[in-house]
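Participant: Compute the structure for the input listed below.
(chains A and B)
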Amino acid sequence: MEISFHDEIDSLKLGDGQLFHGEGILAVTKALLQSGVSYVGGYQGAPVSHLLDVMVQARDYLDELGVHVEACTNEAAAAAMLGASISYPMRGAVTWKSIVGTNVASDALSYLSTAGVLGGALIVVGEDYGEGASIALERTHAMALKSSMWLLDPRPSLQMIVKMVEKGFELSEASNSPVIMELRIRACHLQGSFVARDNRSPAISTRTFLAGAAEFDYERLSHPPATFRQEKLKADVRLPAARKFIRDNRLNEVFEGSEQGVGIICPGGLYNNVLRALRMLGLAEDFGNARLPMLALNVVYPLVPEEITAFCAGKRAVLLLEEGMPEFIEQDIATLLRRADVQTRLHGKDLLLLTGEYTAEVIVRGLARFLDQYAPHLDTSTGERWLETVNTARARAGELLGAPLPPRPPTFCVGCPERPVFAAMKLVKRDIGEPHVSADIGCHAFATFEPFSQGNTILGYGMSLASAAGVAPMMATRPMAIMGDGGFWHNGLLSGVASNVLNHGDAVLVIMKNGYASATGTQDVVSSPLESAKALAVGQSSVHTDRSIENALRGVGVKWLRNVYTYRVAEMAKTLREAFATPEPGLKVIIAEAECQLERQRRIRPILAKLLGSGQRVVRTRFGVDDDTCSGDHSCIRLSGCPSLTVKPSADPLKVDPVAHVNNTCVGCGLCGEVAHAAILCPSFFRAEIVQNPGAWDRFIAGVRETVIGWLQPA
Amino acid sequence: MNTDALPERPITILIAALGGEGGGVLADWIIAAAASQDYPVQSTSIPGVAQRTGATTYYVELYAARIAELGGRRPVMALTPAPGYVDVMVSSELLETGRAMANGYVTPDRTALIASTHRIYTVAEKMHMGDGRFDGERIVTAAQAMAKRAILFDMQDLSNRAGTLISAVLFGALAGAGVLPLPRAACEEAIRKGGRGAEASLKGFEAGYLHASGDAGQAAAQELKRRRTVPSERVRQTFPGETHPILEEGVARMVDFQDRDYANLYLDRLDPIARLDREQGGGASGYRLTSETGRFLALWMCCEDLIRVADLKSRRSRFERVRAEVQARPHEPVHIIEYLKPGVEEAAAVLPPFLSKRLLAWTEKRGLTHKLNVGIYLKSTSVTGFLMLRLLAAMRPLRRMTSRYADEQALIERWLRVIADSGARDTGLALEIALCGRLIKGYGDTNRRAKAGFLRIMDTLAEGGAFAEDLARAAAIAKAREAALADPEGRGLENSLAAHGITPLPPQPKPIQFMRRPKPDRRAA
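Facilitator: Sure, this is the predicted structure:
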């Protein structure tokens, strides 16, 4: 795994009254333990990866508590895990990145919420919406609505987040429904503190077993005819129970203000930004105390009708702040007000942006319009001045900079084993033209950026091959699908490979076998190399030691299967050409094999440091480009894109263009040399082997060479 | 509690960094140092996939009043930075500083800007065939104009010297600038508590601290290009003074590449251009036509053939340069292994023209021209490897007999002729054509495609095409050249030519392969 959570594990053990310092998502983790959770599952993905990662690393401690942790192979598996809480009074929590994870999990969630739960079931989703989001922009809200799962959106303070985790379990149990807690990206990565409580060992745990299975009860099965009754239960029993619990426990917060004629309603998660916006308008101070009354909804579904009408009654107008489309909460509130015949005007999307994150700036602009209409007596000139400053600053910067700045999207790491595959592909395209490329989710999606700029579709994790099924029969050249080993095990084997084999499809599938789910932080997959193999490989790639991908492919009937070590660009290009040209029918699978460079570097760095420290001989490899012979055409960069292969001003006064240059971040993977070879680029690349702690023989031979060469060498 | 003593507002700190630079660690240090002073503090970030070398930001809010004195009250801090509301903008890279300014995060009324002036080029900038780099000077100038106070220096250089990540130097600069209520000792303690690599981090911190507190807030000086000043009598006597630096460099290059006669040929070729330049009043433009023709002529006449490459790679100065570049210590032996892949074309290039033609005709017929390249890993630091390179280099006197020499000279003559012809009408047009010499670069396939682009401009715009006046022709050539440089593998050049009614070359035909779909043995439906 990419990060070591050594210190964080210690803070998971804090007891009553001690102060927890750390990240939002780790506060959630701690809150799960404080709530006496029996089992935890999930699938990694920013911004919630750390929840599961820290739990996996804290296995020993969790064993002591009797908590079971499972790193599921996808979100559907994680959601299905909550089935344990249907029949048994034990608490369970699962986590994933949403919306994508919720989509994958939705089948199990429908059945889970239909059957209802005995023990508290909490789903912690990282709401990957807004700035920094890496997926399709949709909200989890719709999924909560359709399945009658309650949705928490806590105010972003660690204390409140922790409280809502604990209350979330109680709410789940009080209403027999699963509960979702959505945390925005920044809330997950929020560094703050809260006062901890003791962890609770669950009553049913890996240490205190259930004696046997629950008694057979058809009513707990989501199967007709029970499903008809369960649907009624959702509406008639569980929903009222949930509303009662929310009201009784005051989960939503009202902040009073002096301007009684107007009010603001917002999800808890937006509270801090709304307050900042009011502060900028001169209507609040740093400690809160806004002049406008506010209702912060820490539970955004279900709403409690009495709470909404009570807040709105007597006000001329309220402004609702809700990110994204459609405006579910606004519609919900509008219905409630109409039914109760409350005449307060409701504003929301009509005054604010329809889509995107509600930053302080967006809220200020919306609030200004709202207040203009309903509270013109308020002095909001500080806000107007501020907006003016911003507009001026942006215009001035644009003027001074003169041109749009080049974007800087993420890219493959230095020495990444996936880059060579795309370099080879770029070479192959010169011969076969542009094939249709179905891209996938994972690090390899960076190949959609420059310098590779390839890929026609991205349809979800592990979906690349499946998304080429309709293309292949319509095209003269075979389509190509890219998949990582993460995507392969998440979904790709079934949706892609098995479906293709069943339908006698014909396509080229490249599987990046780098050993881990790398994009999310190098978590293990089924085919990850074993610790013993990694120890044996030291700094070399160890992924070839596991054959589960190959066995699975052969098992479902793939005949044409090649393994290629990715750094051999020429061989990769040759294999790709063969895959596109062979008359052999059926799916052609190329397994691009080489271990994630992050993992290799993490393994070898301490070993090298130790060897160097003890005076042992170590050969360090680095690549370089000769300034003299580099003509500055940068074709090597267009084929590699490695961050360590960059440009620098030419030392030659005649050359106007910068020359290629390998900087000190080079890990010596050798790709630039291989590309220069495979593409017959130029003779400028060299490999330097630096012998550290040279032995007597090294020094002797170096001495001989230096002397002989010295006789003949021109300056 | 005395409310008057409370700070006016929280201090907002926005950190712009690239993935892997330790931006998160920097935010953690600030949090730890602030917490040690009992200040309420909060940070957020959006790492996501940007951790993989993409641009990302971290945002910190700090309220400079001790929690113990606040009673039960806590400031509500925002999770997103607001433009025009940033007190301290920290940026680990120059382009990202520009991005922060473009987004409105640096305003003259409140922002102290602490930024490194080094550049880490984006892929888009690096992959340009010419020079795609964004002008860093503009960003520095803008930074000085936009920020309330700007502390700008090369922090990467300092962090390299301290053997640490740039985050440590940034933290030092932040502390040294005195913009946060955090004493130096508290900052250093935060680093120490961070554990691993603390010693190097502290060194980096100190370097940054001293630099920022010493008010040495000046941009790093531009790297000066090394100039060899070999005085050439003939250049001094017959060419205008403004052209001397480049022409003298050119003459030296000719001698280094071939011999004195070759240098004379170089100047013979430039003579008519310089005469023309003088006649047309080139003095006003500093004789740019002569200088630029001289520049690209020198580079072209010394194009790197096998002999030249072998010579350059086996020089002492080159061995020393590699040692320095890979940071080898004096007692560490360094082996240099060259990646060479000569093939039929390279062999043909050193043969006399008649033999070369036959060889190429033969291999072309069999489709072998680009298939017989042999990958060689030549260890130039070994005695045999070195001798092989010197042997090749020793073929220099025979160079004039090679086919590559003949081909290049013919093309050079054509280019010079077009420059001279058009220069007689309009030196501006001639200059644009001279600048097309910039397209001649690369080896093998790259060189072939670059030359194709060059010839395409020569054929269509320089010598052909219907233009009412030379001004339009010159503008068209400049546009086409830029297009060819920006998009060497795409169709940028053809699109640019199409704007002048020139029929684009059809895209290279790609083989279509028809495959029989065999009837599979299906399962019963």
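Participant: mind giving me the domain split of the chain?
Facilitator: This is for chain A. Chain A resolves into domains spanning A:6-247, A:253-401, A:419-600, A:617-712 when parsed by automatic domain parsing.
Participant: not quite, I wanted chain B
Facilitator: Chain B breaks down by automatic domain parsing into domains covering B:3-213, B:307-401, B:432-506.
Participant: Which stretch among the ones you listed approaches chain A most closely?
Facilitator: In this view, the domains of chain B are compared for proximity to chain A by CB to the nearest CB, and domain B:3-213 is the closest at 2.9 Å. For glycine as for every other residue, the C-beta is placed from the backbone atoms N, C-alpha and C.
Participant: Can you give the distance of that closest one from its chain's centre?
Facilitator: Relative to its parent chain, domain B:3-213 has a centroid offset of 26 Å by CA atoms, centre = their mean, to the nearest Å.
Participant: Check stretch A:584-599 too.
Facilitator: Remark: stretch A:584-599 is offset 23 Å from the chain centroid, using CA atoms, centre = their mean.
Participant: can you put the domains of chain B in CSV and add mean neighbour count, mean pLDDT and distance to A:Phe700?
Facilitator: Supplementary listing: the domains of chain B in CSV, determined by neighbours: other CB atoms under 10 Å in any protein chain shown; pLDDT from 0 to 100; distance: least, CB to CB, whole Å:
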stretch, mean neighbour count, mean pLDDT, distance to A:Phe700
domain B:3-213, 21, 91, 31
domain B:307-401, 17, 90, 10
domain B:432-506, 19, 85, 37
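Participant: Check the burial of the nearest residue to B:Val383 once chain neighbours are set aside by counting its neighbours.
Facilitator: Nearest in space to B:Val383, with sequence neighbours left out and distances taken as CB to CB, 6 or more residues apart in numbering or on different chains, is A:Val708 at 5.1 Å. Neighbouring residues of A:Val708 were enumerated by other CB atoms under 10 Å in any protein chain shown; the total is 14.
Participant: re the thing from before, okay, the domains of chain B in a markdown table with distance to A:Ala80 next?
Facilitator: Converted to a markdown table, the domains of chain B look like this (distance: least, CB to CB, whole Å):
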| stretch | distance to A:Ala80 |
| --- | --- |
| domain B:3-213 | 27 |
| domain B:307-401 | 52 |
| domain B:432-506 | 48 |
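Participant: Now that we have the domains of chain A, can you turn them into a markdown table and tack on distance to B:Phe354 and mean pLDDT?
Facilitator: Conversion of the domains of chain A to a markdown table gives the following (distance: least, CB to CB, whole Å; pLDDT from 0 to 100):
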| stretch | distance to B:Phe354 | mean pLDDT |
| --- | --- | --- |
| domain A:6-247 | 61 | 95 |
| domain A:253-401 | 57 | 96 |
| domain A:419-600 | 31 | 95 |
| domain A:617-712 | 25 | 91 |
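Participant: Now for residue 315: which residues touch it?
Facilitator: You didn't say which chain, so I picked chain A. The neighbours of A:Lys315, taking CB atoms under 8 Å, 6 or more residues apart in numbering or on different chains as the test, are A:Gln260, A:Gly261, A:Val262, A:Gly263, A:Pro293, A:Thr344.
Participant: Chain B was what I was after
Facilitator: Going by CB under 8 Å, 6+ apart, B:Arg315 touches A:Gln713, A:Pro714, A:Ala715.
Participant: Over to stretch A:195-215 now: how far is its first residue from its last?
Facilitator: Its start and end residues considered, stretch A:195-215 measures 41 Å (CA to CA, to the nearest Å).
Participant: what separates the closest residue to chain B within the stretch 451-600 of chain A from A:Gly586, distance-wise?
Facilitator: Residue nearest to chain B within the stretch 451-600 of chain A: A:His504 (4.2 Å; CB to the nearest CB). Taken as CB to CB, to the nearest Å, the spacing of A:His504 relative to A:Gly586 amounts to 7 Å.
Participant: Who has more neighbours out of the two?
Facilitator: A:Gly586 (18 against 15).
Participant: about what we covered before: I'd like the contacts of B:Arg315 laid out as CSV, including distance to chain B and secondary structure.
Facilitator: Written out in CSV, the entries for these read as follows (distance: CB to the nearest CB, whole Å; DSSP: H, G, I helix; E, B strand; the rest coil):
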residue, distance to chain B, secondary structure
A:Gln713, 5, coil
A:Pro714, 6, coil
A:Ala715, 5, coil
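Participant: ok, those residues vs B:Ser92, which is closest?
Facilitator: For B:Ser92, the closest of the contacts of B:Arg315 turns out to be A:Ala715, at 39.9 Å, with distances computed as CB to CB.
Participant: List the contacts of the closest one.
Facilitator: Contacts of A:Ala715 were listed using CB under 8 Å, 6+ apart, and they are B:Arg315, B:Arg316, B:Ser317.
Participant: any chance of those residues in a markdown table, plus secondary structure?
Facilitator: Conversion of these to a markdown table gives the following (DSSP: H, G, I helix; E, B strand; the rest coil):
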| residue | secondary structure |
| --- | --- |
| B:Arg315 | coil |
| B:Arg316 | helix |
| B:Ser317 | helix |
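Participant: would CSV of these with distance to A:Phe452 be doable?
Facilitator: What follows is the contacts of A:Ala715, written out as CSV (distance: CB to CB, whole Å):
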residue, distance to A:Phe452
B:Arg315, 36
B:Arg316, 39
B:Ser317, 36
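Participant: Ignoring the adjacent residues along the chain, who's closest to A:Gly22?
Facilitator: Once flanking residues are discounted, A:Gly22 sits nearest to A:Ser11: 5.7 Å by CB to CB, 6+ apart.
Participant: hmm, back to that, among the domains of chain A, which comes closest to B:Arg9?
Facilitator: Proximity to B:Arg9 (CB to CB) singles out domain A:253-401 among those, at 6.4 Å.
Participant: In contact with A:Ser614, which residues?
Facilitator: Contacts for A:Ser614 (CB under 8 Å, 6+ apart) come out as none.
Participant: can you give me phi and psi for it?
Facilitator: The main-chain torsion angles of A:Ser614 are listed as degrees, to the nearest 10 and equal phi -90, psi 10.
Participant: what about it, distance to chain B?
Facilitator: Using CB to the nearest CB, to the nearest Å, one gets 17 Å for the distance from A:Ser614 to chain B.
Participant: re earlier: got a list of what the residue nearest to A:Gly22 touches?
Facilitator: For A:Ser11, the contacting residues are A:Phe20, A:His21, A:Gly22, A:Leu26, A:Lys30, by CB under 8 Å, 6+ apart.
Participant: Which of the domains of chain A sits closest to B:Leu359?
Facilitator: Minimum separation from B:Leu359 across the domains of chain A (CB to CB) falls at domain A:617-712, 17.3 Å.
Participant: And the helices in the stretch 551-700 of chain A?
Facilitator: With DSSP state H, counting those that start in this stretch as the definition, the stretch 551-700 of chain A shows helices at residue ranges A:569-581, A:597-613, A:635-640, A:671-678, A:696-712.
Participant: Buried residues in stretch A:478-497, which are they?
Facilitator: By 16 or more other CB atoms under 10 Å in any protein chain shown, the buried positions in stretch A:478-497 come out as A:478-493, A:495-497.
Participant: which stretches of the stretch 351-500 of chain A form strands?
Facilitator: Ranges of strands within the stretch 351-500 of chain A are A:437-439, A:457-458, A:480-484, based on DSSP state E, counting those that start in this stretch.
Participant: Partner strands of the first one and their direction?
Facilitator: Just to be clear, that refers to strand A:437-439. strand A:457-458 (parallel), strand A:480-484 (parallel) (DSSP bridges).
Participant: coming back round to it: the buried residues of stretch A:478-497 in helices, which ones?
Facilitator: When DSSP state H defines the helices, the subset of these inside them is A:Asp485, A:Gly486, A:Gly487.
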